[in-house]
Structures are given as structure tokens and as C-alpha cells.
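Novice: okay, sequence plus prediction incoming.
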Amino acid sequence: MLKTFMSLPQPMPESILDQFPCPVSKIDRNYYILYRNTASVRSNGPTPPEAYARHCYEWIGRSERCPQCAVAQAFASGHVETQEKLNFTEDQRLVRLEQTAIPVFAANGEIAYVLEVDLDTTATLALQQDNETTFTQTIFAFAELIEKRDAYTGRHSANTCSIALKLGQQLGLPSNKLDDLSTAALLHDIGKIGIPESVLLKPGRLTETERLQIQEHPRIGYDVLCKVNRFAHLADYVLYHHEWMNGSGYPTQRSGDDIPLLARILSVADVFEALTAHRVYRPAMSKEQALSIIQQGCGSQFDEKVVACLLSLPDIH
């Protein structure tokens, strides 16, 4: 698998990280602290100036790297890694933390640093629910970052959500499935946060390597959503939204009814919206042209029932 997760303009805007509701730190390959956000300082106290010249584990009084270090694992694998650990806060409370380490890639394909996101999991049930909400907010903050680096992707997700909901209503989905479809549609391209801008915004034809990088975004999105309990049941819809009915899609080559219905709905809504929107490498197509292309893929790429619903929508033509 390609070792890509996040590639953002360097440096990543720290003003955005300061808005995250849970502690976030930037750590480089040599385990030096590059930056800690406001929530991290609030939880663990300010970073002494001399700490930036020491390894992160030395700052907390260790002589060597923490066992099962999620940051080390993220540097080694190039993927999102998690672990749980005990830690003392600034007011000397012992807390259990769920640490998520997210590799951030530079334009040259190397990991520039790892974002360590800490979630306090020691709370009571009510507070645990609050923590889940906090991490949910963090995921949506990451989704917002996509729009900040690529306004097209942000608009595309919102427009895809609108089309997908119309298709879901036409198919008679119950309200809970419509809610799932709405959230999955808004987050279906969150994996593009792991695609280098040089590829994501390239105006010309992609190379084979670049095409394979783009095809990793459903799996990256899946990995992200699986880390959040509230979104874990939506991860398959994101993973499979580029699969084809005949098994020629990506990333797993699933086919037919093995592709979840919500993913099949997302596939049609995603492609229709993409075809009718301006892209960096081509102008927008007319709705008639887009519908013609989708009809040509009916049964091979797209679910026939979903396509029929698209064609029946009164405001599509």
C-alpha cells in the first residue's frame, strides 16, 4: 500500500490546530516537539523553551522512547496508528489517553512530521460521550482542512450529499439510513487529505503513480473513520464508493451486492456531481452529458436501480 496519509502546505496552519478541542502536538522524525496546540498546553502545561531541544520522551522524564510509541509506529508504517497510555496532567491527575498518530507527508513524499492527537478516555460514561463528540468535531475539523487546501473538494462533498439524499429518499431509505448517507457523503473524500497537493490539484494528465495515489483516498478515509466509534459503521461506505458493479473499481474490486447500497448511491451521486462541476483539468459538463455517461455505465459501473432514481429526479434534467 502506498505510504500516504496527509500532505498539507508546509507548515500546517497552527491557528487551525489551536482550534482543535483536544491536545495536538507536532513531532518530527527525531522525536523533537515542533509545536503543541492550545488544548495541549492547557492539559499538560506550557512547553519550556529547553524542551524543544530535547526528545519528547525526555521532556516527560524518560531516557528512551515510550513502549509501543504510536508516533514511532506512524513514522514506520506511514499509516494512522493508535495506542492507549497513562499520563499525568498539569494538575497531577493520572489520566488514560488514547493517542492517535497521524503522519503528515511533505511534497517530496517523505513524512514531514506526525500529528499526535490525545483523547482523554478516563471519564465517566457521560464524559466519554462528550469526548466522542470532541473527537467527532476533530474529524470534521480535518474535513474542513480539505476545503481549505482544495475548495473544489469541499463544495463537491456538500453537493454530493445533496444528490445522495435525494436518491436515498427516492429509494425509500428509512430516516436512520438517510442520516448515515448524509454523513458518509460529507466525509466520503476525507481521505484526500492524504493526497499530495501536487497530485490533487494537478491540471494535466496523471502519471500511473499519481493515479495510484489518488486511488488510495477511499482506504485512507476508511482508516480515519474506523478510529471514531460514531463513524466506524460508515467506514465501509467510504471505502467502497469507487467500486464498480462488475468488480473493476477500486480499492478492493468488490462487485454487485457485495458493495453496500449506501456506497452504490454515493458512487452515482459522486460521479454525477463531479462531471457537472468544473475541475482543474476540464470544464464542467452539461447535465445531459453527465447523465449520458452514467447511463452508459449502468449495470457495469453503477447500480441500475440507483441510476433509474437519478434519471427520475425532476430537478436533475
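Specialist: Thanks, I have the structure now.
Novice: which SS class is Pro218?
Specialist: Three-state call for Pro218 (DSSP: H, G, I helix; E, B strand; the rest coil): helix.
Novice: where in the protein is the helix or strand with the lowest mean pLDDT?
Specialist: Least confident helix or strand, the chain: strand 6-7 with a mean of 42, by mean pLDDT, DSSP states H and E.
Novice: which parts of the chain are strands?
Specialist: For the chain, the strands defined by DSSP state E occupy 6-7, 24-27, 33-36, 81-88, 94-105, 111-120.
Novice: give me the pLDDT value at Gly172.
Specialist: Looking at Gly172, its pLDDT reads 93.
Novice: so how far is Ser182 from it?
Specialist: 16 Å (CB to CB, to the nearest Å). In short, each C-beta sits where N, CA and C put it, glycine included.
Novice: of these two, which one has the most company?
Specialist: When Gly172 and Ser182 are compared on other CB atoms under 10 Å, the one with more neighbours turns out to be Ser182, at 15 against 8.
Novice: and that one, what pLDDT?
Specialist: On the pLDDT scale, Ser182 is placed at 89.
Novice: which residues does it contact?
Specialist: Applying CB atoms under 8 Å, 6 or more residues apart in numbering to Ser182 gives the contacts Cys161, Ala164, Leu165.
Novice: now those residues as CSV including neighbour count?
Specialist: Converted to CSV, the contacts of Ser182 look like this (neighbours: other CB atoms under 10 Å):
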residue, neighbour count
Cys161, 21
Ala164, 29
Leu165, 18
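Novice: in helices only, show me those residues.
Specialist: Counted as lying in helices by DSSP state H, out of the contacts of Ser182, are Cys161, Ala164, Leu165.
Novice: not counting sequence-adjacent ones, nearest residue to the last one?
Specialist: Beyond its immediate neighbours in the sequence, the residue positioned closest to Leu165 (CB to CB, 6 or more residues apart in numbering) is Ser182, lying 5.8 Å away.
Novice: count the residues that sit near the closest residue to Phe272 other than its chain neighbours.
Specialist: Closest residue to Phe272 apart from its sequence neighbours, by CB to CB, 6+ apart: Ala290 at 5.5 Å. Per other CB under 10 Å, the neighbour tally for Ala290 reads 20.
Novice: residues contacting the nearest residue to Ile33 once chain neighbours are set aside?
Specialist: Nearest non-adjacent residue to Ile33, counting by CB to CB, 6+ apart: Cys56, 5.2 Å away. Counting by CB under 8 Å, 6+ apart, Cys56 touches Ser25, Ile27, Tyr31, Tyr32, Ile33, Val71.
Novice: now the first one, which residues is it bridged with?
Specialist: In this entry, Ser25 is beta-bridged to Arg36, Glu116, by DSSP bridges.
Novice: quick check: it vs Leu115, distance?
Specialist: 7 Å.
Novice: can you check the last one too?
Specialist: The gap separating Val71 from Leu115 is 9 Å, by CB to CB.
Novice: which neighbours do these two share?
Specialist: Between them, Val71 and Leu115 share the contacting residues Ala101, judged by CB under 8 Å, 6+ apart.
Novice: sorry, back to before: tell me which of the strands of the chain sits nearest to His241.
Specialist: strand 6-7 (20.0 Å; CB to CB).
Novice: do you know how far Arg42 is from Thr121?
Specialist: 18 Å.
Novice: I meant to write Gln99 there.
Specialist: Distance of Gln99 to Thr121, computed by CB to CB: 10 Å.
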